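Trainee: Just need the structure, nothing else, for what follows:
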Amino acid sequence: MLQEALVPLHLKWLRDTKERLKTSDGKNVVVWELCYQMDEEVLSCWAKHFRNQYCFEEEIDKLRDGTGLNRADFIRQFIFPDKSDGFGPGIRAGDFGEILVSDFLEFILGYWVPRTRYNKKDIPDESTKGCDVVGFKVIEKGEESTNDILRTFEVKTQFSGDKAKTRLQDAVNGSANDPTKIGVSLNAIKRRLLSMGKEDDAKRISRFQNPEDHPYREKSGAAALFSSNLYDPNLIKTTNCQNHPNVANLTLLIIRGDDLMHLVHELYRRSADEA
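Mentor: The predicted model follows:
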């Protein structure tokens, strides 16, 4: 784990339950729990972190200029997925899950995770194409090593409904397609970094774009997030990973927590109101 001082406050609510499940083909599933509280300081810090995934602070006033909208209303109408209409709630849940797994990968597992996936959305109520989460680990700064790691995660959520669904299996199936998407995803990340003026970070992506000539290790991940009332260990145990192309390097992660859809809406509300 990275130094505690670098870890965002909200990740102190994420704990390893030490519960370990086995899939039908014998793969380990680690189970973490998000034990959040209505703590004003932590939620405000989390809301700012969350908002910055979509729009940097210094951009908001420039973007809303001409709309006649204040910051909060502009963000709700043009930046964030809608709370109630159409696909909006599902996109909110999915984005929340991907951002939390990105935090897990960066601050708990120690990867560099470029945060470019949400800040160039043309349509707020649509999900961004490509790999859900991509992280990188370079063993020796400035040097290439075959032990450098590119890790992807496919993320699925279920925060509402009356019956648990096979979301971990869905994540495994989605992760199996990541090798066919990674090239396009790396190019998209690089283009966004360049458009943000982050040329050094864009060069870091270049190291991973030609695995044939510049080999590295590839690790995969499948994560499913559940509201606690929809967490069904027996259903998770039916997950089968045998057809995954990188099954030997596949991590399976569960994150559960109470009433997570309520938390999702609260974070989006705060992120807009406190902008």
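Trainee: Between the two ends of stretch 220-238, how far is it?
Mentor: 19 Å (CA to CA, to the nearest Å).
Trainee: again, but for stretch 52-62
Mentor: Taking CA to CA, stretch 52-62 runs 15 Å from one end to the other.
Trainee: What lies in contact with it?
Mentor: The contact list for stretch 52-62, computed with CB atoms under 8 Å, 6 or more residues apart in numbering, reads 51, 63, 71, 74-75, 79-80, 95, 99, 115, 117-119, 121, 275. Every residue, glycine included, has its C-beta placed from N, CA and C.
Trainee: hmm, 10 Å instead?
Mentor: 48, 51, 63-64, 71-72, 74-75, 78-81, 95-96, 98-99, 102-103, 115-121, 124, 196, 268, 271, 275 (CB atoms under 10 Å, 6 or more residues apart in numbering).
Trainee: the helices in the stretch 151-275 of the chain, which residues?
Mentor: With helices called from DSSP state H, counting those that start in this stretch, the stretch 151-275 of the chain shows them at 167-175, 178-195, 199-206, 233-236, 260-273.
Trainee: Which elements pack onto the second one?
Mentor: Which is helix 178-195. With contacts defined as 3 or more CB pairs under 10 Å, 6 or more residues apart in numbering; DSSP states H and E, helix 178-195 has these neighbours: strand 133-137, strand 149-158, helix 199-206, strand 217-227.
Trainee: Tell me which residues touch the nearest residue to Gly161 once chain neighbours are set aside, please.
Mentor: In space, not counting the residues next to it along the chain, Gly161 is nearest to Leu230; the distance is 6.4 Å by CB to CB, 6 or more residues apart in numbering. Residues in contact with Leu230 (CB under 10 Å, 6+ apart) are 157-165, 167, 256, 260.
Trainee: Then Lys190?
Mentor: Lys190 makes contact with 114, 116, 198, 201-206, 208-209, according to CB under 10 Å, 6+ apart.
Trainee: Produce a PyMOL select command limited to the buried residues of the residues you listed.
Mentor: With 16 or more other CB atoms under 10 Å as the criterion, this PyMOL line picks the buried residues out of those:
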select buried, resi 114+116+201+202+204+205+208
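Trainee: Remind me which helix or strand the most centrally placed residue in the chain belongs to.
Mentor: Against the mean C-alpha coordinate of the chain, by CA atoms, centre = their mean, the closest residue is Glu98 at 2.2 Å. Glu98 is located in helix 88-103, with elements delineated by DSSP states H and E.
Trainee: Next, the buried residues of that helix.
Mentor: In terms of neighbour count (16+ other CB under 10 Å), helix 88-103 has its buried residues at 88-89, 91-103.
Trainee: Just the mean pLDDT for it, thanks.
Mentor: Per-residue pLDDT values over helix 88-103 give a mean of 97.
Trainee: which helices and strands sit right next to that helix?
Mentor: Identification of packing neighbours for helix 88-103 by 3+ CB pairs under 10 Å, 6+ apart yields helix 40-54, strand 133-137, strand 149-158, helix 167-175, strand 217-227, strand 250-257, helix 260-273.
Trainee: With mean pLDDT and distance to Val184 added, can I get those in CSV?
Mentor: As requested, the helices and strands packed on helix 88-103 are arranged in CSV below (pLDDT from 0 to 100; distance: least, CB to CB, whole Å):
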stretch, mean pLDDT, distance to Val184
helix 40-54, 96, 21
strand 133-137, 98, 11
strand 149-158, 98, 12
helix 167-175, 98, 15
strand 217-227, 98, 16
strand 250-257, 98, 21
helix 260-273, 97, 28
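Trainee: and of these, who's closest to Asn243?
Mentor: If you check each of these against Asn243 by CB to CB, helix 167-175 wins as the nearest, at 8.4 Å.
Trainee: just checking, what packs against that closest one?
Mentor: Using 3+ CB pairs under 10 Å, 6+ apart as the contact definition, the elements that helix 167-175 packs against are helix 88-103, strand 149-158, strand 217-227, helix 233-236, strand 250-257.
Trainee: Alpha carbons of that helix, in CSV - could you do that?
Mentor: Taking only C-alpha atoms (Å, rounded to 0.1, in the frame of the first residue of the first chain), the coordinates of helix 167-175 have been written out as CSV:
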residue,chain,number,x,y,z
ARG,A,167,-22.4,-9.3,-11.9
LEU,A,168,-19.0,-10.8,-11.2
GLN,A,169,-19.5,-13.2,-14.1
ASP,A,170,-20.5,-10.3,-16.3
ALA,A,171,-17.3,-8.5,-15.3
VAL,A,172,-15.2,-11.7,-16.0
ASN,A,173,-16.8,-11.9,-19.5
GLY,A,174,-16.2,-8.3,-20.1
SER,A,175,-12.6,-8.6,-18.9
